[in-house]
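J.: coordinates for the following, if possible.
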Amino acid sequence: MESLPAVLCEGNQAMSESVFVVLCEIVGTTEEVAIRRETVEITEIVKRQGTTNDGVIGMLSGSQREGFRLKGSDVDFMFWLNFHRVIMDMSQSEYYNTANKTLILSDSSESPPGFTLLQLLTPARYSDVKSACVRMNDRVYISSSIYRDLTCSKAMPNSTVHGPCGSGNIAGRLEYDTAHCFVCDFWPLSASSWINRCHSWPDPEVVDDIVRNGCHFVAIGHPLGPHEKEEWRFSFSQAEQKCVYAMNHSQFLTYGLLKLFLKEVINQQSEETNKLLCSYHMKTTIFWAIQQNTLPHWCPQNLLAGFWVCFKLLLKWVYKGICPNFFIPQNNLFLTKVHGSAQNRLFLQLHELYKKGLACLLQSSSIRSYIIDVLYNPRAFVCTDESLIMSEVDYDTELFFEINQNAKIFKVVLHNCVKYLYTVEQLVDSPLTQYQVVMLQRLTASILQNTAYILHNMYTNTGVNKQTYIADKMSCHMLKLAARFGLVSDMLYIAMYYYKTLRYREALYVIEMTKVKLAQPYLVYNGCVDRERYTEVLGGQSWSTKMRQVVAWDIYLTNTICYISELIPEQQSAQQNRKPVLDIPVFVMLHFLEFLCYRHIDTTLSQAALDALQVLVHYDQGRYVHDLDREISWEILGICQQITGNLQAALYSYQQSLQQYPLHNIQTATQSRIQDMLQSTPWQ
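T.: Next up is the predicted model:
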């Protein structure tokens, strides 16, 4: 196993370059990955700064946070209570005011490496923490198993326990894991050896940043530990993310290749071994391979050599039955899975792949054809210039998609909004990347829109005319400001506000302006765009300009805010089912508002708007109404039909809404509307 197979050496450079190019297409170019990371990063800074002391902090983690967008990958989130802190020893308690922080002590004296007990030091303020407390040896500890069961479905209803997480899927497509954990601001003593190992990688400033940000504890014990149901596992998710960010692009693509190799090759060998290894083992492998400096220079020309270094290390670990955790090497990640006869079978399968040399990659459906091309054309030139791999319009649609995925602001009481805006003000004066500037622009528009509606709702029923007038002026100003640097579709928040405040003609004027912009042939919506026209008209312009002029997105209605009274039942139903927003297709909202406004001005034009909405909902094939948005779209059509008195059509629309995937969980509102309609009509 010492020498590289001959096939690795012969034509290795051309093959490596070819695989580099295809991995840029599958995994992402340097710029694509930067877009994904930096938009998430700046969003979380804003949201975290806006979180109150007694709030919950959320963080995207796992492969999505690292910059991957691989098909079939799940989405991982971590949540922790901002007013709870874990300390490693009693001396660290002096850094906290126990009047507003609940302190927890990590006690790993009896636990296996990488695990610990969490002892509650000060009274718990949070009901789930209180309920999870157990007494052992006259001390109070937080039971991981009880806490996990209590919080499993907090973020996503109807989740099931999977490891330390609550797991499930959305519409059978997107799988998710949510881990409710505890945070510690200190680096654990058991991971101190990692600091001493970091001579060549990562850089000292990255190491300092990692150590300064501490770690987390997730709710799962060691199956062989003395207190499995009470123990918690150290989580270095933040540290791992920073290590991945410290990779160069060839290293990151090698990590991506390992993930593909696991999914498409290793896990296809046999059913009895396809659950033994996971992508976390691949991440651990490349971390160690980079740090051990086995390959001095990672670049496109030797990408496959880097892959081979990792594969050999993985093979060695499986042979020995030891996979050392990158931060706490004494924690063997194989201990309870890769052992005995299963370990032997897995080793034999991996060794058979090893004997094939790089030909084993031919079993990967994603890259097979590219390797064959090089084998047939060994002298062919392979261009690894990333600027030629993707076009301007591809980068733009990627950026706009990521921006809009991150633009939802859930915590929208006025106090939070003020904190968000203050954070934005501070960030504007700090060094920002070009992607972060545009993301911040989009976030600011969302914050201003929410603040405008909150202000209006606060002063509408006060009876104080002067206050109402001032609030109205401020709300209008904020909505117009948001539309100036937001998306094309952001104009509809102004139209909604005018409708809400009975200014129907002003609302229709804004709707007509929005219609014109949405009719542009180079509009970017739902990831679709006329590439040729877009490049011709907007090529070379700034992202800020493009976003303002040609990008539309769905209308997000935060369910704690009343936007228009017609949707209050749907918002309440969604909120009761812990759905924070209604996500309404922009063209559905356009026709809905047009219908509502014309009801007060011209019934013929109101009917025309309803007809347009009906055609859209009935016949659109996913271009303007995504199939996951059909539930709310049928509901809105039904509301309009009920308003006009067409009860048969409304009943049909509501029934259609109930048959769609319940993305928004508005079934309670729909059923209530049906019941009210049947009770009030003679044709039942």
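J.: can you pull out the strands in the stretch 101-250 of the chain?
T.: For the stretch 101-250 of the chain, strands defined by DSSP state E, counting those that start in this stretch occupy the ranges 102-107, 115-120, 133-136, 139-142, 160-162, 165-170, 174-184, 215-218, 232-235.
J.: remind me what the fifth one packs against, helices and strands.
T.: Helices and strands touching strand 160-162, as assessed by 3 or more Cβ pairs under 8 Å, 6 or more residues apart in numbering; DSSP states H and E, comprise strand 165-170. (C-beta placed from N, C-alpha, C; glycine too.)
J.: which residues touch Leu361?
T.: By Cβ atoms under 8 Å, 6 or more residues apart in numbering, Leu361 lies in contact with 19, 261, 265, 304, 307, 367-368, 371.
J.: 7 Å instead?
T.: Contact analysis of Leu361 by Cβ atoms under 7 Å, 6 or more residues apart in numbering lists 367, 371.
J.: the one 3 residues further on too?
T.: Contacts for Ser364 (Cβ under 7 Å, 6+ apart) come out as 260-261, 264-265.
J.: tally of neighbours for the closest residue to it other than its chain neighbours?
T.: Of all residues not flanking Ser364 in the chain, Glu264 sits nearest, at 4.5 Å (Cβ to Cβ, 6 or more residues apart in numbering). When neighbours are defined as other Cβ atoms under 10 Å, Glu264 has 16 of them.
J.: can you list which of the contacts of Ser364 are found in helices?
T.: 260-261, 264 (DSSP state H).
J.: for the stretch 251-400 of the chain, which segments are assigned as helices?
T.: 279-291, 303-320, 340-355, 368-376, 392-405 (DSSP state H, counting those that start in this stretch).
J.: should've said the stretch 451-600 of the chain
T.: 465-485, 491-500, 504-518, 531-538, 543-550, 568-576, 586-598.
J.: mind giving me the packing neighbours of the fourth one?
T.: Packed against helix 531-538, as judged by 3 or more Cβ pairs under 7 Å, 6 or more residues apart in numbering; DSSP states H and E, are the following elements: helix 392-405.
J.: would you mark the buried spots in the helix it packs on?
T.: Across helix 392-405, burial judged by 16 or more other Cβ atoms under 10 Å covers 392-393, 395-404.
J.: what does stretch 302-315 give?
T.: Result for stretch 302-315 [16+ other Cβ under 10 Å]: buried residues 302-315.
J.: Pro378: which of the residues you listed is nearest?
T.: Set against Pro378, the nearest of the buried residues of stretch 302-315 by Cβ to Cβ is Leu304 (14.2 Å).
J.: returning to what we had before: can you tell which of the helices of the stretch 451-600 of the chain is closest to Val382?
T.: That would be, of the helices of the stretch 451-600 of the chain and by Cβ to Cβ, helix 531-538, which comes in at 25.1 Å.
J.: any idea how far that closest one is from the middle of the chain?
T.: The chain centre lies 30 Å from the centre of helix 531-538; the measure is Cα atoms, centre = their mean, to the nearest Å.
J.: rewinding a little: from the ones in helices among the contacts of Ser364, which is closest to Leu346?
T.: Phe261 (14.2 Å).
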